[in-house]
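K.L.:
would you be able to build a 3D model of this:
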Amino acid sequence: MGFFNRLFGSEKKASLDQGLAKSKQGVMERISRVFTGKRRIDDDLLEDLEEALILSDVGVDTTEAILGRLRKRATWEAFVDQSELMTMLREEVLGLITKDEDRAWTDSTAYRVPPSDGQPHVIMIVGVNGVGKTTSIAKLAHRYKSSGLKVMLGAADTFRAAAVDQLKVWGQRVGVEVVAQGMGSDPAAVAFDTLQSAVAQKADLVLIDTAGRLHNKVNLMSELGKIKRVMSKVVPEAPHEVWLVLDGSTGQNALEQAKRFTEVTDVTGLVLTKLDGTAKGGVVLAISDQLQVPVRFVGVGEQMGDLQEFHPMEFVDSLLPESFETNP
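P.N.:
Residues are numbered from 1 along each chain as shown. Alright, predicted model coming up:
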């Protein structure tokens, strides 16, 4: 039984293992071909390992960082078995994606809504169409409502009628109020109305859905800036957080998308979706390392409970297990 099965609920760990099964199989098949028998830790082995990680969507820059740390630890004349070398790799990957060196590695980076001070806590959700943004908002609403918070949603992605309708449907299913206007309405006006309603109804948490049209960075920056300015007139310092939703199944494209979004707005957290249907889960390591923005949640299935808090150590334990068994 892995370390995290002992630390965390076995049911959620099993769900994470299942959701990352394709990624684990791809990564471990490549790494197991590197770690065959007893091999000296030399340049040839590390070059093979470098190639295996890059092909697993960990990315060139992050892979080089991992290998750099491994080289510092390597004893060039020593022989190690697969287990010892795998332990080194797991430790270096974990150290790379753990943002606060003083924080225990077992901590979650999921967001805890601060105690209410009489004003709702506001999180603006950004991301392009098709990444699972609306579904993620619904799952977040369900999670926080289940924890006892009063949650409201704002349908400020007004450029697609489907986006507004989908959020309304999810709001009904989850049992939270959705503030919306018609298609083509001013997104800032929707956000303003949402916060006014949230203040009047003493909501604890507000999630604001926004459009993500990256084809024009200037317009997107202007739009998001306007939404922020309008919301701060109702709730000072709103939005308190800006979370970017990314489709993990797109691999390195998700990393490039994240870089572009961070150029136009202050992203404070990431939500990685659709990791259960892809072998590209290694991109989570690249995104976490290169953006230096905490991953808050990862999506490993379609059920409400399948949007899980991101525990760095648990993720590494599922993606790079101690055993070289690759069958999911």
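K.L.:
show me where the stretch 51-200 of the chain has its strands.
P.N.:
All strands of the stretch 51-200 of the chain, identified by DSSP state E, counting those that start in this stretch, fall at 79-80, 121-126, 151-156, 177-179.
K.L.:
for the ones you listed, give me TSV that also has distance to Gly251 and mean pLDDT.
P.N.:
All C-beta spots, glycine's among them, are computed from the backbone N, C-alpha and C. Converted to TSV, the strands of the stretch 51-200 of the chain look like this (distance: least, Cβ to Cβ, whole Å; pLDDT from 0 to 100):
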stretch	distance to Gly251	mean pLDDT
strand 79-80	31	56
strand 121-126	20	95
strand 151-156	29	96
strand 177-179	32	97
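K.L.:
Thr87 is nearest to which of the ones you listed?
P.N.:
Comparing those by their distance to Thr87 (Cβ to Cβ), the top pick is strand 79-80, with 9.2 Å.
K.L.:
that older thread, out of the strands of the stretch 51-200 of the chain, the one nearest Gln18 is which?
P.N.:
For these, distance to Gln18 was read as Cβ to Cβ. The smallest value, 26.1 Å, belongs to strand 121-126.
K.L.:
tell me which residues are up against the closest one.
P.N.:
Counting by Cβ atoms under 8 Å, 6 or more residues apart in numbering, strand 121-126 makes contact with 111, 113-114, 133, 136-137, 195, 198, 204-210, 212, 224, 227-228, 231, 235, 238-245, 261, 265, 267, all of which sit outside it.
K.L.:
tilt between that strand and strand 151-156?
P.N.:
Orientation note: strand 121-126 sits at an angle of 40 degrees relative to strand 151-156 (axes from the mean of the first three to the mean of the last three Cα atoms, to 10 degrees).
K.L.:
just to revisit the earlier point, among the contacts of strand 121-126, name the ones in helices.
P.N.:
Using DSSP state H to define helices, the subset of those located there is 133, 136-137, 195, 198, 224, 227-228, 231, 261.
K.L.:
most surrounded residue in those residues?
P.N.:
Counting neighbours by other Cβ atoms under 10 Å, the top entry in the ones in helices among the contacts of strand 121-126 is Ile137, with 31 neighbours.
K.L.:
distance of it from Val293?
P.N.:
Going from Ile137 to Val293 by Cβ to Cβ, to the nearest Å gives 19 Å.
K.L.:
can you check Gly130 too?
P.N.:
When distances are taken as Cβ to Cβ, Gly130 and Val293 turn out to be 21 Å apart.
K.L.:
compare the two (neighbour count), which wins?
P.N.:
A direct count of neighbours by other Cβ under 10 Å for Gly130 and Val293 places Val293 higher, at 21 against 10.
K.L.:
how close does the more buried one get to Thr135?
P.N.:
Taken as Cβ to Cβ, the span from Val293 to Thr135 is 21 Å.
K.L.:
which non-adjacent residue is nearest Lys274?
P.N.:
In space, not counting the residues next to it along the chain, Lys274 is nearest to Ser249; the distance is 4.4 Å by Cβ to Cβ, 6 or more residues apart in numbering.
K.L.:
in three-state terms, label the one you found for me.
P.N.:
Put simply, Ser249 is helix when judged by DSSP: H, G, I helix; E, B strand; the rest coil.
K.L.:
just checking, it touches Lys280?
P.N.:
Yes. At 6.1 Å, Ser249 and Lys280 qualify as touching, with contact defined as Cβ atoms under 8 Å.
K.L.:
need the contact list for Thr265.
P.N.:
Residues counted as contacts of Thr265 (Cβ under 8 Å, 6+ apart) are 126, 220-221, 224, 242.
K.L.:
right, and Asp266 touches Val242 too?
P.N.:
Yes. Asp266 sits in contact with Val242 when judged by Cβ under 8 Å, with a separation of 5.9 Å.
K.L.:
neighbour count: those two, which is higher?
P.N.:
The residue with more neighbours, out of Asp266 and Val242, is Val242; 22 against 11, by other Cβ under 10 Å.
K.L.:
just list whatever residues bridge to that one.
P.N.:
The bridge-partner assignment for Val242, based on DSSP bridges, gives Met124.
K.L.:
for it, give me its contacts.
P.N.:
Taking Cβ under 8 Å, 6+ apart as the contact definition, Val242 lies against 123-124, 126, 265-269.
K.L.:
quick check: the gap between it and Ser136.
P.N.:
For Val242, the distance to Ser136 (Cβ to Cβ) stands at 14 Å.
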